[in-house]
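Trainee: predicted model and sequence below, questions to follow.
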Amino acid sequence: MSKSKSRADPKSRPNIAPLYGAAFGFNTDRRVKPVHFATGFFVSLFGCQYRTELLNNVVAFTDGKDLSGNYALETLHATLASAGKIGTGVGPRELHTLRRHLRCLANNDEAVFPIYGEKEFGCDYSTAAHDILTRTRDNDGFSGHFVRAVLEQSEDGRFVLDSARVCMSQEHAPLRQVFQPLLSEEPHDEDVAERYAAKLGELEPKRLKRVAKSMRRQTAAMRTLCENADVLVASETKLRFLVVGLCIWLFRYLMEEGLGTPGKRFILLSDVSGDTSPRMRSQSVWSYARLREALISSFKGFHAAGRFAECADAWDYVGNDHNLNGRPKFDEFYGTLALRSGLAQPRASRVPAKHFEPQPDTLRILVLSVPPIGDGLVPLGTLLDRLSETWGLVFGGRPEDAEELDRLGYSGLDQDRDLTPNSDALVDLLTELGLATRFSDGLVMCHSQPNYSQ
């Protein structure tokens with residue numbers, strides 16, 4: 001059989017999942033939404049999942065589409081009525097209205113599909129509590145399990161995991177109480193590590209310790225986020241902060257692992273100016289594209305370092321298959337993670353040119369991850385230093401930013417017309433979020449507690 005025919009026959013293609021596992025520790029050949037990551041992370045953390053069949057029957061449907069089996073409205077109504085889950089005054093019409101509301105709550109990241117009796121898609125519910133965890137497919141490519149395993153290696157990481165357990169075990173969390181009548185009480189053990197090994201190979205302890213060491217600053221920031229959130233916000237918000245924060249941690253890990261060579265610095269040049277500076281916007285767009293291409297190119301560096309020795313056939317396939325053109329599948333993972341965590345904009349698919357610009361709620365998470373409440377007020381420059389050192393975010397508000405940006409190839413940016421207005425826009429946003437205060441002498445002080453006064 002010729003080489004081209006071999007590539008055309010799916011049965012003859014090598015399993016390339018171990019290639020991604022060898023590269024970054026999980027499968028990046030997919031779109032991973034935060035809800036996918038959250039399911040994988042928490043199932044790995046708790047070591048179990050639940051058969052949420054009744055919940056799935058209620059919330060997994062599409063308007064205007066005829067459903068069969070237990071998803072059909074009449075059948076579902078009879079099932080819920082016989083089980084005492086709905087009152088006698090609730091008819092099929094009222095049930096349909098109710099399930100539409102429940103679907104909105106369970107499907108806030110558009111990841112809920114029928115998984116019992118019909119064609120089994122993956123299904124990830126809105127993160128609410130440990131007993132809503134359902135794992136039918138590894139939609140996160142084991143990224144959640146990988147992050148959980150890395151965090152286990154350090155004291156700060158274990159603090160984050162303990163905080164995660166507490167957040168997911170709140171018995172009276174409002175969203176959990178809404179779903180509680182539809183939940184199963186019996187968990188099913190889930191050995192994610194065994195399934196990981198079967199699909200991606202063994203996750204070596206030495207590798208986990210190395211990654212934990214390289215990510216110690218970011219892990220410490222996650223601990224700070226958990227400590228600040230515990231004082232400031234409600235349980236559902238804590239969970240959102242935790243999940244989005246861990247997605248940002250994961251995005252930063254890509255930079256550390258793929259580009260972490262001595263003397264090499266990649267930044268997320270963030271444009272928050274509202275498109276008032278065309279140069280700032282174009283350079284931020286380039287920053288987004290430049291980082292993506294550098295990370296895709298890092299696979300060649302992994303190959304040169306011998307990381308793909310045990311999956312050489314997969315690397316050869318990627319390099320020779322005409323559909324891949326020598327580029328591992330990474331674009332969707334990169335883009336989805338950047339956009340859905342709120343680090344980049346715009347999310348609209350019709351706008352191809354993405355740029356780094358933290359969403360307001362993501363900016364709040366980033367700020368809460370760097371200055372602990374006990375620090376009180378910190379100067380704007382200190383906050384910008386911490387955001388740069390921890391997460392790689394650069395806004396142009398530090399004295400050294402202009403020189404560094406020019407050295408990294410971001411040419412043509414003027415301090416007065418581009419960088420200063422961008423940092424001023426950041427201060428405006430921080431002030432609106434209650435995370436910064438402008439004093440009468442022009443001094444800007446930042447804080448992690450809204451409406452801080454001293």
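Mentor: Arrived safely. Residues are numbered from 1 along each chain as shown.
Trainee: next SSE downstream of the helix or strand of the chain with the lowest mean pLDDT?
Mentor: Sorted by mean pLDDT, DSSP states H and E, the helices and strands of the chain end with helix 3-8, the least confident at a mean of 42. Toward the C-terminal end, the helix or strand that comes next after helix 3-8 (DSSP states H and E) is helix 17-24.
Trainee: off-centre distance for the helix or strand that that following helix is followed by?
Mentor: Next in sequence after helix 17-24, counting helices and strands by DSSP H and E, comes helix 34-46. Its chain's C-alpha centre and that of helix 34-46 lie 10 Å apart, by Cα atoms, centre = their mean, to the nearest Å.
Trainee: which residues are in contact with helix 34-46?
Mentor: By Cβ atoms under 8 Å, 6 or more residues apart in numbering, the residues outside helix 34-46 that reach it are 49, 108-109, 111, 122, 124-127, 130, 133-135, 138-145, 147-149, 161, 164-165, 168, 187, 190, 192-193, 243-244, 246-247, 250, 340-341. Backbone N, C-alpha and C define where each C-beta goes, glycine included.
Trainee: filter those down to the buried ones, ChimeraX style.
Mentor: The ChimeraX command for the buried members of those (criterion: 16 or more other Cβ atoms under 10 Å) is given here:
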select :49,109,111,122,124,125,126,127,130,133,134,135,138,139,140,141,142,143,144,145,147,148,149,161,164,168,190,192,193,243,244,246,247,250,340,341
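Trainee: end to end, how far does stretch 294-313 reach?
Mentor: 23 Å (Cα to Cα, to the nearest Å).
Trainee: what residues sit buried inside stretch 21-38?
Mentor: Buried-residue list, stretch 21-38, by 16+ other Cβ under 10 Å: 21-28, 30, 32-38.
Trainee: whoops, I mixed them up, stretch 340-351
Mentor: Applying 16+ other Cβ under 10 Å to stretch 340-351 flags 340-345 as buried.
Trainee: could you export stretch 18-29 as PDB, CA atoms only?
Mentor: This file holds the C-alpha atoms of stretch 18-29, laid out as PDB (Å, rounded to 0.1, in the frame of the first residue of the first chain):
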ATOM      1  CA  PRO A  18       0.100  10.400  22.900                       C
ATOM      2  CA  LEU A  19       1.900  13.000  20.800                       C
ATOM      3  CA  TYR A  20      -0.100  15.700  22.500                       C
ATOM      4  CA  GLY A  21       0.300  14.000  25.900                       C
ATOM      5  CA  ALA A  22       4.100  14.000  25.400                       C
ATOM      6  CA  ALA A  23       4.100  17.700  24.400                       C
ATOM      7  CA  PHE A  24       1.900  19.300  27.000                       C
ATOM      8  CA  GLY A  25       0.500  16.500  29.100                       C
ATOM      9  CA  PHE A  26      -3.000  16.400  27.700                       C
ATOM     10  CA  ASN A  27      -4.700  16.300  24.300                       C
ATOM     11  CA  THR A  28      -4.800  19.700  22.700                       C
ATOM     12  CA  ASP A  29      -6.600  18.400  19.600                       C
END
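Trainee: average pLDDT across that stretch?
Mentor: Averaging pLDDT along stretch 18-29 yields 94.
Trainee: which residues touch that stretch?
Mentor: For stretch 18-29, the surrounding residues in contact (Cβ under 8 Å, 6+ apart) are 16-17, 138, 140-143, 145-146, 199-201, 203, 207, 211, 253-254, 257-258, 298-299, 302, 307-308, 310-311, 314-315, 318, 328-330, 333-334.
Trainee: and the residues you listed, which are buried?
Mentor: Among these, those classed as buried by 16+ other Cβ under 10 Å are 16-17, 138, 140-143, 145-146, 199-200, 203, 211, 253-254, 257-258, 298-299, 302, 308, 311, 314-315, 318, 328-330, 333-334.
Trainee: where do the strands sit along the stretch 151-300 of the chain?
Mentor: 187-189, 268-269 (DSSP state E, counting those that start in this stretch).
Trainee: how about residues contacting the shortest one?
Mentor: Pointing back at strand 268-269 there. 283-284, 286-288, 291, 343, 356, 391-394, 405, 410.
Trainee: and which of the residues you listed is nearest to residue 276?
Mentor: Ranked by distance to residue 276 (Cβ to Cβ), the contacts of strand 268-269 are led by residue 284 at 12.7 Å.
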